[in-house]
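J.: need a 3D model of the sequence below.
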Amino acid sequence: MEIAALVTWIVAALGGFGMLSMWLRGGGGSSDSRLRPPLIFGHGALAAVGLVLWIIYLANDSDGLAWTAFVIILIVAVLGLTMFARWIAGGGLRSDAPADATADPPEQHFPVALVIGHGVFAVATLVLVLLTLLTES
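T.: Sure, this is the predicted structure:
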């Protein structure tokens, strides 16, 4: 389960990095964006810290690091749910958006499949980390 958690965490991170790149290229941080830079960068930075701690846990088998990574990923999940709610409120699930909607905030151009996939892998990671911790104790 430990390695499965690592794999799902890396896949979620790649999806998140893809969305961050799209957001930055689209003018992320502009006043029309519903996603504020501290929220986005805090989410990404904490997720990266948690991933590094999980990798160190896998190398050292330190329960303290594993629990710390779990607490961090819980915070990351709350930040992610906040961004997801703001994305939906801004019309993120619209399929009728024009292809050249430059007036829309950059996050409204995220592919729906990428957003959903990122969330699914993030939830899977959270569950796998928790199951690992509960079975190791």
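J.: all helices for the chain, in order.
T.: For the chain, the helices identified by DSSP state H occupy 2-25, 37-60, 63-89, 112-136, in order along the chain.
J.: how distant is the third one from the center of its chain?
T.: Going by C-alpha atoms, centre = their mean, to the nearest Å, the spacing between the C-alpha centre of helix 63-89 and its chain's C-alpha centre is 8 Å.
J.: please produce CSV containing the helices of the chain, extended by mean neighbour count and distance to P105.
T.: Using the backbone N, CA and C atoms, a C-beta is placed for each residue, glycine as well. Converted to CSV, those look like this (neighbours: other C-beta atoms under 10 Å; distance: least, C-beta to C-beta, whole Å):
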stretch, mean neighbour count, distance to P105
helix 2-25, 17, 9
helix 37-60, 17, 12
helix 63-89, 17, 9
helix 112-136, 17, 14
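J.: P106 is nearest to which of the ones you listed?
T.: Of all those, it is helix 2-25 that lies closest to P106, at 4.9 Å by C-beta to C-beta.
J.: just the angle for the closest one relative to helix 37-60, thanks.
T.: Note on geometry: by axes from the mean of the first three to the mean of the last three C-alpha atoms, to 10 degrees, helix 2-25 and helix 37-60 are set 160 degrees apart in direction.
J.: give me the local confidence score for the closest residue to G28 other than its chain neighbours.
T.: Computed as C-beta to C-beta, 6 or more residues apart in numbering, the closest residue to G28 that is not its neighbour in sequence is P106, at 5.0 Å. Confidence per residue is given as pLDDT, and for P106 that number is 87.
J.: touching, P106 and S31? I think so.
T.: No: counting by C-beta atoms under 8 Å, P106 does not reach S31; the two are 11.8 Å apart.
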